[in-house]
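In: Have a look; sequence and predicted model below, questions after that.
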Amino acid sequence: MVYVTYHIPETGLLALFSTTLLTASRISVLLVVLALTFIFPLIFRRNIVDKNGHSIPPGPPLRYPYLRRCPERALQAWSRTYGPLFSVWMGNQLFVVISDARIAKDLLVSNGAIFSSRKQYFIKSQTILRGRAITTTPYNDKWRQHRRIATQLLTPRAIQGYASVLDYEAHILIRSMYYGTGMGKLPINPAHFVGRYTLNNMLTVSFGTRTDSTADPLTESALALANEFMDLTSPLSNIIDFIEPLQWIPTTTRSRARRLHDGIVEVYGAMIMRVKARMDAGEDVPDCLVKTLLLAQEREKLDWEDLCMLAVAFNLGGIHSTSGVIMWFLALISSHPEVQARAHAELDSVIGRDAWPSAEDKQRLPYIQAIIKEVERAHAPFWVPPPHYSTEDFVYNGMYIPKDTALILNCYEIHHNEEKYPDSFAFKPERFLGDTLTCAESSNLPNAMDRDHWAFGAGRRICPGIHVAERELWLAISRLLWAYDIRSLPGEPISLEGYDGESSRKPQPYRITLTPRHDRVHALLEGEEEVTLMKF
Ligand code: HEM
């Protein structure tokens, strides 16, 4: 027997097996086993029943190894064939896919006691986050404890405590773009500016620090870690998550995931130690997640891995999601001049030009609010959000959902429901005019069809960063609109369909121009300098 000791991409696995590990007869056996495995649902689907004879929801006859790119498209097509609650196997995992808002509420919210756990994915949960960071923790006392401690900093009241920092970072975003474009003269790709904005917000909340330029090495390393996390953890994209034997051999995905785990511990572990050193030295450390964790460490019995993974939880959950929405906003607004003109008119008549919008102006600017909700609907950062996982057998409308089923909220299909969002593929902020609720308030409405959208998930696992994300988006988007006329470049159309990378979050790279709309822009921006907060 020859053992393979180098890393191999999964796509080459069968070829490698055949040449190095197996004899010809073993290949035949393997092929038969694989064939049987993949047609298993075809034969047995109807035989999976509970004690009262209820079958699992209908679904495609074959078993799939994974869905690589744009899995939301396959989920949408299947939901149109098999209905709003269908089932599908990825390798050894049964998924039930929810494509209707009412069903989402019935299962994930009303029956949250049963549908609030997380599958222990090999890559995301076992290898990268070790069942921690809130998002991968199963539904148990540890998850309750970690979510309680960490989210103390994310409540609307807690946010008031660092509201001035969020305000400042939005200022710096607009300012850095102003000077980055040579005061509006040069086109830019906004990705790095927007990435640093959401990174700085999360660094402030988590570590009480920030980066003071796009050249800061922490900008590069933290954004790269968050990016790699997004690319590696899509819930349906890793074959290795669903075919267990692949987890025993050294593949590219496995080694990337291990490197990412090590990178997180190295970068963020070192930052925790520096906060600790300052606290031990009696320095005045700003309130932040790490300070809260260190103060609670003994009482709450948090080990080193708990600390590292909790400290990074907001960075992994809150950087690319929020920056993805801003990047889609810039892409959409530069392609819809009529929407932009209406937003400018609202800003000019309500706010004027002497000052720019603040967090308190939200209710006075309903059209800008509607634009943000429409971007979140049209390009939710998680078309396939982290699945919920069932901890008991359940029967819903005569359909059996066995314990240990992964439930996917099919955001793509729910956000393109023509009953709720007519002409759903068009960008139409006016569909949200009259909706003055925050996304957090809207998620609590009793009628699921009244909820604005499902971009932040649902039920007990709903995004705990929802309040801070809403504030970040408001400050950035309302001020970008106040300050700039945002345009695409002649001859460089922006793709409003294609996604960049493997995570289905960011638009493909593009360039825009940001022309200051009036003289007050310069006056307002030149006054503010970048500050260094508790520099590491
Ligand atoms: C536009 C921005 C954001 C969007 C669209 C978003 C969306 C989501 C979604 C869909 C989930 C899964 C919910 C579910 O399972 O039902 C989630 C979970 C989570 N998000 Fe966000 N998020 C955003 C920003 C943030 C921010 C700023 C933070 C941190 C401050 C954050 C931290 C988390 C955490 C820790 C979880 C895991 C919750 C758990 O499993 O209990 N997110 N987010």
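Out: Nice, thanks for sending it over.

In: okay, CA-based contacts and neighbour counts for the rest of this
Out: Will do.

In: helices and strands around the helix or strand containing D262, which ones?
Out: Following DSSP states H and E, one finds D262 within helix 252-280. Here helix 252-280 touches helix 191-207, helix 217-232, helix 289-300, helix 304-318, going by 3 or more C-alpha pairs under 8 Å, 6 or more residues apart in numbering; DSSP states H and E.

In: What angle do helix 304-318 and it make with each other?
Out: 110 degrees (axes from the mean of the first three to the mean of the last three C-alpha atoms, to 10 degrees).

In: Return the distance of helix 252-280 from the chain's centre.
Out: How far helix 252-280 lies from its chain's middle: 21 Å, per C-alpha atoms, centre = their mean, to the nearest Å.

In: how about the helices of the stretch 401-536 of the chain, start to end?
Out: 411-414, 439-442, 466-483, 520-526 (DSSP state H, counting those that start in this stretch).

In: Mean pLDDT lowest where, among these?
Out: With a mean of 92, helix 520-526 has the lowest mean pLDDT of those.

In: Please work out the average pLDDT along the helix holding D262.
Out: 95.

In: now stretch 487-505
Out: Stretch 487-505 shows a mean pLDDT of 86.

In: Tell me the residue of the stretch 251-400 of the chain that sits nearest the ligand?
Out: Across the stretch 251-400 of the chain, the shortest distance to the ligand (C-alpha to the nearest ligand atom) belongs to G318, at 3.4 Å.

In: Tell me how many other residues crowd that residue.
Out: 22 (other C-alpha atoms under 10 Å).

In: contacting residues for it?
Out: Residues in contact with G318 (C-alpha atoms under 8 Å, 6 or more residues apart in numbering) are 198, 202, 465, 469.

In: follow-up on the earlier one: can you tell me which of the helices and strands packed on helix 252-280 is most buried?
Out: Greatest average neighbour count among those goes to helix 191-207 (a mean of 25), per mean count of other C-alpha atoms under 10 Å.

In: same for that helix, what does it pack against?
Out: Checking 3+ C-alpha pairs under 8 Å, 6+ apart, helix 191-207 ends up next to helix 163-180, helix 217-232, helix 252-280, helix 289-300, helix 304-318, helix 320-335.

In: of all the ones you listed, which has the lowest average per-residue confidence?
Out: Across these, the lowest-scoring stretch is helix 217-232, with a mean of 91.

In: how close does the residue nearest the centre of the chain sit to H518?
Out: Nearest to the geometric centre of the chain sits S321, at 4.2 Å (C-alpha atoms, centre = their mean). Separation of S321 from H518 (C-alpha to C-alpha, to the nearest Å): 31 Å.

In: Next one: the nearest residue to S424 once chain neighbours are set aside, what pLDDT does it get?
Out: Nearest non-adjacent residue to S424, counting by C-alpha to C-alpha, 6 or more residues apart in numbering: H416, 5.0 Å away. You'll see H416 listed with a pLDDT of 98.

In: Next, count neighbours for H54.
Out: H54, neighbours per other C-alpha under 10 Å, totals 18.

In: For Y396, see how far away it is.
Out: 9 Å.

In: same thing with I414?
Out: According to C-alpha to C-alpha, I414 stands 19 Å off from Y396.

In: P65 too?
Out: Applying C-alpha to C-alpha, the value for P65 to Y396 is 27 Å.

In: okay, the two: which has more neighbours?
Out: Legend: neighbour count by other C-alpha under 10 Å for P65 and Y396, higher for P65 (20 against 14).

In: State the pLDDT value of the more buried one.
Out: 92.

In: so what's it up against?
Out: Contacts of P65 by C-alpha under 8 Å, 6+ apart are 90-91, 239, 242-243.

In: residues touching the nearest residue to P84 once chain neighbours are set aside, list them.
Out: Counting by C-alpha to C-alpha, 6+ apart, the nearest residue to P84 once its immediate chain neighbours are dropped is S99, at 4.6 Å. Contact analysis of S99 by C-alpha under 8 Å, 6+ apart lists 79, 83-85, 409-411, 413-414.

In: ok, the residues you listed vs the ligand, which is closest?
Out: Nearest to the ligand among these, counting by C-alpha to the nearest ligand atom, is L409 at 7.8 Å.

In: so who does the closest residue to the closest one other than its chain neighbours touch?
Out: Once flanking residues are discounted, L409 sits nearest to I98: 5.1 Å by C-alpha to C-alpha, 6+ apart. Neighbour list for I98: 84-86, 104, 407-410 [criterion: C-alpha under 8 Å, 6+ apart].

In: for the ligand, what are the nearby residues on the stretch 351-500 of the chain?
Out: 381-382, 385-386, 388, 455-458, 461-466, 468-469 (C-alpha under 6 Å from any ligand atom).

In: switch to 8 Å and redo it
Out: The stretch 351-500 of the chain has residues 376, 380-382, 385-388, 409, 454-470, 473 near the ligand, with proximity defined as C-alpha under 8 Å from any ligand atom.

In: Return the subset of the residues you listed lying in strands.
Out: 388, 409 (DSSP state E).

In: Selection in PyMOL covering whichever of the contacts of P65 are buried, please.
Out: The buried residues among those can be selected in PyMOL (16 or more other C-alpha atoms under 10 Å) with this line:
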select buried, resi 90+91+239+242+243
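
In: related to what we said a few turns ago, next one: the residue of the stretch 251-400 of the chain closest to the ligand from A440, what distance?
Out: Distance of G318 to A440, computed by C-alpha to C-alpha: 16 Å.

In: any chance of the helices of the stretch 401-536 of the chain in TSV, plus mean neighbour count?
Out: Formatted as TSV, the helices of the stretch 401-536 of the chain follow (neighbours: other C-alpha atoms under 10 Å):
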stretch	mean neighbour count
helix 411-414	24
helix 439-442	17
helix 466-483	22
helix 520-526	15
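
In: right, and these - which one's nearest V194?
Out: Closest to V194 of the helices of the stretch 401-536 of the chain, according to C-alpha to C-alpha: helix 466-483, at 9.0 Å.

In: what comes into contact with that closest one?
Out: The contact list for helix 466-483 (C-alpha under 8 Å, 6+ apart) reads 154-156, 159, 166-167, 170, 173-174, 198, 318, 322, 325-326, 329, 340, 343-344, 347, 356-359, 362, 368-369, 372, 438-440, 456, 516-518, 521.

In: Perfect, that will be all.
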